[in-house]
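# sequence and predicted structure, then a few things I'm wondering about:
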Amino acid sequence: MQETTYDVIVVGAGFAGVACAQALARHGARVCVIDRKRDLGERLHTTGILVAEALHHPCLAGLPAALVRAVPHARLYAPSLRSVLLAAPGYRFYTTDTPALMRWLGEGLVQRGIALRLGTPFRDGVREGAHWRLPGIGRTRWLVGADGAKSRVAARLGLGQVDRWLQGVEHEFDGVALREPDALHCFISKRYAPGYIGWVAQTPTGVQAGLARRHLPGSTAVPDIDGFLRHTAAMTGLPASRRPDSIRAGLIPCGGPVHLRQRGRVLLAGDAAGMVSPVTAGGIHAGLRHGSAVGEAMARRLQHPGEGDVHVATDAVPAFRTKRALRWAFDHAQFDAPFDLALRTPFMRRLAEQLYFHQRGHGVPEPDTGVPVQHD
Ligand SMILES: Cc1cc2nc3c(=O)[nH]c(=O)nc-3n(C[C@H](O)[C@H](O)[C@H](O)COP(=O)(O)OP(=O)(O)OC[C@H]3O[C@@H](n4cnc5c(N)ncnc54)[C@H](O)[C@@H]3O)c2cc1C
């Protein structure tokens with residue numbers, strides 16, 4: 001059977017792959033997106049919390065309101081479970097009905113004339129003259145690996161690979177309400193989340209509660225989410241005995257961008273390229289932006305083939321220097337006592353608001369929610 005020839009095949013229909021494909025399609029490129037999943041809403045490995053800026057990304061234009069829930073505050077808990085409420089006027093996080101969001105993004109690809117092939121894993125690529133051939137899938141002039149933190153495209157085709165991760169696990173509880181649903185609850189704890197935090201959030205469909213910790217290659221330690229849920233139950237109102245309706249888990253790159261993100265006509269995007277904030281571990285907005293930048297740069301190259309090999313959008317690649325330094329500090333010198341002592345000081349509060357709200361933080365009065373907050 002004759003294999004179809006595309007301008008670009010994108011491996012992975014996550015945030016980065018969708019953004020890349022849509023940018024290319026806007027410029028008239030012939031694009032195919034493949035994903036090994038049969039249903040984009042299955043086997044998720046993200047909480048799906050969006051920063052407010054992400055909603056301005058073109059891929060999320062027209063997102064149905066039912067798929068998101070605005071969360072205006074963050075409540076940050078010290079290891080002792082003392083907490084402080086953080087906010088910035090007008091700023092919101094958005095939790096999502098993530099399975100529905102991923103399916104909606106997939107439908108958007110098809111509506112834009114992009115070939116979407118689900119249940120189609122990338123296994124290998126073979127060079128044939130100016131093209132790559134993906135056996136059983138098709139031929140392409142350019143190939144994009146947007147296939148996540150353990151990119152097979154990078155591994156098979158000799159590009160840089162992510163080598164530092166956090167390991168995240170999350171329990172979902174359908175139809176449950178938190179005591180304080182308008183806050184994203186974040187817990188600092190060396191015991192439960194060494195190297196990162198635990199979180200609990202109200203979503204459009206229930207509650208998600210998760211933990212991430214440093215992932216050391218070869219280590220079999222897994223986040224103690226049951227212990228974490230028992231430890232925090234009095235704060236969140238989540239019944240500690242309730243079994244989860246579903247579980248999400250995965251690795252989160254935390255070492256900054258990989259060095260070799262392009263080799264000839266193969267490029268990496270999103271998690272595969274290490275585009276995740278080493279401090280917040282937020283990769284959705286970064287993946288959307290990076291995917292778009294990669295797509296735009298390839299589209300220019302397809303329109304002007306005489307310009308030589310594209311070196312893609314280096315200006316859109318954040319170096320995360322300060323955040324990598326903070327990550328180093330957190331990895332090597334995380335102690336509970338300073339957080340217990342300092343969390344409620346104005347300096348720490350301001351610092352935390354800057355990290356959470358990108359320097360738009362101002363204190364807000366505590367709402368009367370009945371949360372059993374421990375005060376000094
Ligand atoms: C537990 C957890 C919670 C998180 N929570 C948040 C959060 O709340 N907010 C936030 O901003 N970030 C969060 N992150 C990080 C964020 O989810 C990722 O940075 C983001 O999803 C990256 O998008 P991506 O498109 O690069 O990769 P992915 O979302 O990983 O998408 C990769 C796609 O490629 C497909 N694929 C993989 N291998 C192959 C193959 N061989 N062939 C074909 N298809 C393949 C996969 O099926 C998948 O659909 C979280 C991560 C984890 C692990």
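Perfect, thanks for sending it. Numbering: from 1, shown residues only.
# drop to CA atoms for contacts and neighbour counts, all remaining ones
Will do.
# ok, Gly255 - contacts?
Under the criterion of C-alpha atoms under 8 Å, 6 or more residues apart in numbering, the neighbours of Gly255 are 162-165, 274, 278, 324.
# whoops, Thr95 was the one
The neighbours of Thr95, taking C-alpha under 8 Å, 6+ apart as the test, are 47-50, 68-71, 201-204.
# per-residue pLDDT, it?
Reading off the per-residue confidence, Thr95 sits at a pLDDT of 97.
# how about the helix or strand encompassing it against the ligand, any contact?
Thr95 belongs to strand 93-96 when assigned by DSSP states H and E. No. For a cut-off given as C-alpha under 6 Å from any ligand atom, strand 93-96 has no contacts with the ligand; the smallest distance is 7.6 Å.
# what about that strand, distance to the chain center?
12 Å (C-alpha atoms, centre = their mean, to the nearest Å).
# and what of stretch 7-21?
Using C-alpha atoms, centre = their mean, we find the averaged C-alpha position of stretch 7-21 to lie 15 Å away from the chain's own average C-alpha position.
# in it, what's buried?
Going by neighbour count (16 or more other C-alpha atoms under 10 Å), the buried part of stretch 7-21 is 7-21.
# before we move on, what about stretch 159-169?
Neighbour counts using 16+ other C-alpha under 10 Å place 159-162, 164-169 of stretch 159-169 among the buried residues.
# same for the ligand: which of the residues you listed are within range?
Restricting the buried residues of stretch 159-169 to those adjacent to the ligand (criterion: C-alpha under 6 Å from any ligand atom) gives 168-169.
# show me where the stretch 151-300 of the chain dips below the pLDDT cut-off.
Screening the stretch 151-300 of the chain residue by residue with the criterion pLDDT under 70, one finds no matching range.
# residue ranges for the strands of it, please.
Chain-ordered strands for the stretch 151-300 of the chain, with DSSP state E, counting those that start in this stretch as the definition, fall at 165-174, 183-188, 197-202, 206-215, 246-253, 262-263, 266-268.
# most packed of those?
strand 266-268 (a mean of 27; mean count of other C-alpha atoms under 10 Å).
# hmm, who's touching that strand?
Contacts of strand 266-268 with the rest of the structure, by C-alpha under 8 Å, 6+ apart, involve 142-146, 154, 157, 261-262, 294.
# who are the packing partners of the strand or helix carrying Gly17?
Secondary structure from DSSP H and E places Gly17 in helix 15-26. On a contact count with 3 or more C-alpha pairs under 8 Å, 6 or more residues apart in numbering; DSSP states H and E, helix 15-26 meets strand 5-11, strand 31-34, helix 98-111, helix 284-303.
# quick check: Ala249 touching Glu172?
No. Counting by C-alpha atoms under 8 Å, no contact exists between Ala249 and Glu172, whose distance comes to 11.1 Å.
# next up, the contacts around Gly227.
Counting by C-alpha under 8 Å, 6+ apart, Gly227 touches Tyr192.
# how near is Asp124 to Ala29?
Taking C-alpha to C-alpha, to the nearest Å as the measure, Asp124 falls 23 Å from Ala29.
# these two: which is more packed in?
Neighbour comparison, Asp124 and Ala29: the larger count goes to Ala29, with 20 against 14 (by other C-alpha atoms under 10 Å).
# contacts only, for the closest residue to that one other than its chain neighbours.
When the adjacent residues along the chain are set aside, Ala29 lies closest to Asp7, with 6.1 Å between them (C-alpha to C-alpha, 6 or more residues apart in numbering). The contact partners of Asp7, taken as C-alpha under 8 Å, 6+ apart, are 29-31, 140-142, 302.
# would CSV of these with pLDDT and distance to the ligand be doable?
Conversion of the contacts of Asp7 to CSV gives the following (pLDDT from 0 to 100; distance: C-alpha to the nearest ligand atom, whole Å):
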residue, pLDDT, distance to the ligand
Ala29, 97, 20
Arg30, 97, 18
Val31, 98, 15
Thr140, 97, 15
Arg141, 95, 18
Trp142, 95, 16
Leu302, 90, 23
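# which of these are buried, as a PyMOL select command?
Here is the PyMOL command that selects only those of the contacts of Asp7 that count as buried (16+ other C-alpha under 10 Å):
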select buried, resi 29+30+31+140+141+142+302
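# dump the contacts of Asp7 into TSV; add distance to Leu134 as well.
Supplementary listing: the contacts of Asp7 in TSV, determined by distance: C-alpha to C-alpha, whole Å:
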residue	distance to Leu134
Ala29	18
Arg30	16
Val31	14
Thr140	8
Arg141	11
Trp142	11
Leu302	20
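# just to revisit the earlier point, closest one to the ligand out of the buried residues of stretch 159-169, please.
Each of these was checked against the ligand using C-alpha to the nearest ligand atom; the closest is Gly168, at 4.1 Å.
# quick one: contacts for the closest residue to the closest one other than its chain neighbours?
Closest residue to Gly168 apart from its sequence neighbours, by C-alpha to C-alpha, 6+ apart: Ala212 at 4.0 Å. The neighbourhood of Ala212, defined by C-alpha under 8 Å, 6+ apart, consists of 166-169, 193-198, 223.
# can you redo those as CSV with distance to Arg289?
Output for the contacts of Ala212, formatted as CSV (distance: C-alpha to C-alpha, whole Å):
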residue, distance to Arg289
Leu166, 22
Gln167, 23
Gly168, 23
Val169, 25
Ala193, 28
Pro194, 29
Gly195, 26
Tyr196, 24
Ile197, 25
Gly198, 26
Pro223, 30
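# burial measure for Arg300, as a count.
Around Arg300 there are 14 other residues, counting by other C-alpha under 10 Å.
# repeat that for Arg123.
Using other C-alpha under 10 Å, Arg123 has 11 other residues around it.
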